[in-house]
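Undergrad: quick one, what's the 3D model for this:
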Amino acid sequence: MRKNYWIALALILSVSAMLFTVSCAKEAVQVQPAVTEAPPQPEPQEDLAAKQRAEQERLEAERLEAERLEAERLEAERAAAAALAEFQSQHVNFEFDSSALQPSAQEVLSRKAEYMRNNAGINVTVEGHCDERGTDAYNMALGERRANAAKDYLVNSGIDTGRLNTISYGEERPLDYGHNEEAWAKNRRDQFVVE
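TA: Presented below is the predicted three-dimensional model:
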């Protein structure tokens, strides 16, 4: 019986050990390997060189475009300054003791009207001048008639009268101080000053 006792004891201990092992067994945890990004692969030298060339070409194209735009801006400024200088330097000349506009004067005034239409922001003073012959009072009145003749022509050409002023200087501001027909012909004029 002793033998049975030992077998029973061994059997009880074995079953207890098995139960203890099964009940205390931990659930197996599956460990996923950590996902790591692969280190960046260096670009092949050819790709890097091509990108650098493309960037240099882009920068060069931008520089050339900026230079072209600047050159156009400067040329436009020069052209505008030349047109303004031409506008102010072209005078309308008159016959002796007359404020009638000759065909050559009308051509000059037509160009002036076109300039003023293209430059709507400018106002102009028309200055009437005379030669030294005649009295001061007579020449002041004649200079006023000459200035008004040019103003009227410009208004009839579509220029707003509010953009035009007139003034007479009579014989006070000659272009040529000579005392002959050549000097007097230069002094019988209208001048145009942009304000």
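
Undergrad: can you tell me the element the residue nearest the centre of the chain falls in?
TA: The structure's the chain has its C-alpha centroid closest to Arg73; by Cα atoms, centre = their mean the separation is 8.0 Å. Per DSSP states H and E, Arg73 falls inside helix 45-89.

Undergrad: average pLDDT for that helix?
TA: Helix 45-89 carries an average pLDDT of 90.

Undergrad: continuing past that helix, what's the next helix or strand?
TA: By DSSP H and E, the next helix or strand past helix 45-89 is strand 92-93.

Undergrad: what is the next helix or strand along the chain from that following strand packed up against?
TA: Scanning forward in sequence from strand 92-93 by DSSP H and E, the next helix or strand is helix 103-118. Applying 3 or more Cβ pairs under 8 Å, 6 or more residues apart in numbering; DSSP states H and E, we find helix 103-118 packed against helix 45-89, strand 92-93, helix 136-156. Backbone N, C-alpha and C define where each C-beta goes, glycine included.

Undergrad: the shortest one - contacts with which helices or strands?
TA: In terms of contacts (3+ Cβ pairs under 8 Å, 6+ apart), strand 92-93 is packed against helix 103-118, strand 189-194.

Undergrad: of those, which is nearest Asp131?
TA: Each of the helices and strands packed on strand 92-93 has some distance to Asp131 by Cβ to Cβ; the shortest is strand 189-194, at 9.4 Å.

Undergrad: in the sheet, which strands lie alongside the closest one, parallel or antiparallel?
TA: strand 92-93 (antiparallel), strand 124-129 (antiparallel) (DSSP bridges).

Undergrad: contacting residues around the shortest one?
TA: Contacts of strand 92-93 from elsewhere in the structure, counted by Cβ atoms under 8 Å, 6 or more residues apart in numbering, are 101-102, 104-105, 108-109, 146, 150, 185-186, 188-190.

Undergrad: next one: the last one
TA: Defining contact as Cβ under 8 Å, 6+ apart, one finds that strand 124-129 is touched by 112, 116, 142-148, 150-151, 154, 163-171, 173-175, 187-195.

Undergrad: buried residues in that strand?
TA: Across strand 124-129, burial judged by 16 or more other Cβ atoms under 10 Å covers 124, 126-129.

Undergrad: angle of it against helix 45-89?
TA: Angle between the axes of strand 124-129 and helix 45-89 is 40 degrees (criterion: axes from the mean of the first three to the mean of the last three Cα atoms, to 10 degrees).

Undergrad: and strand 124-129, C-alpha only, in CSV?
TA: Extracted C-alpha coordinates of strand 124-129, given in CSV (Å, rounded to 0.1, in the frame of the first residue of the first chain):
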residue,chain,number,x,y,z
VAL,A,124,0.0,123.0,-70.5
THR,A,125,0.4,126.7,-70.5
VAL,A,126,0.4,128.3,-73.9
GLU,A,127,2.7,131.4,-73.9
GLY,A,128,2.0,134.1,-76.5
HIS,A,129,5.1,136.1,-77.7
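
Undergrad: all good on my end, thank you.
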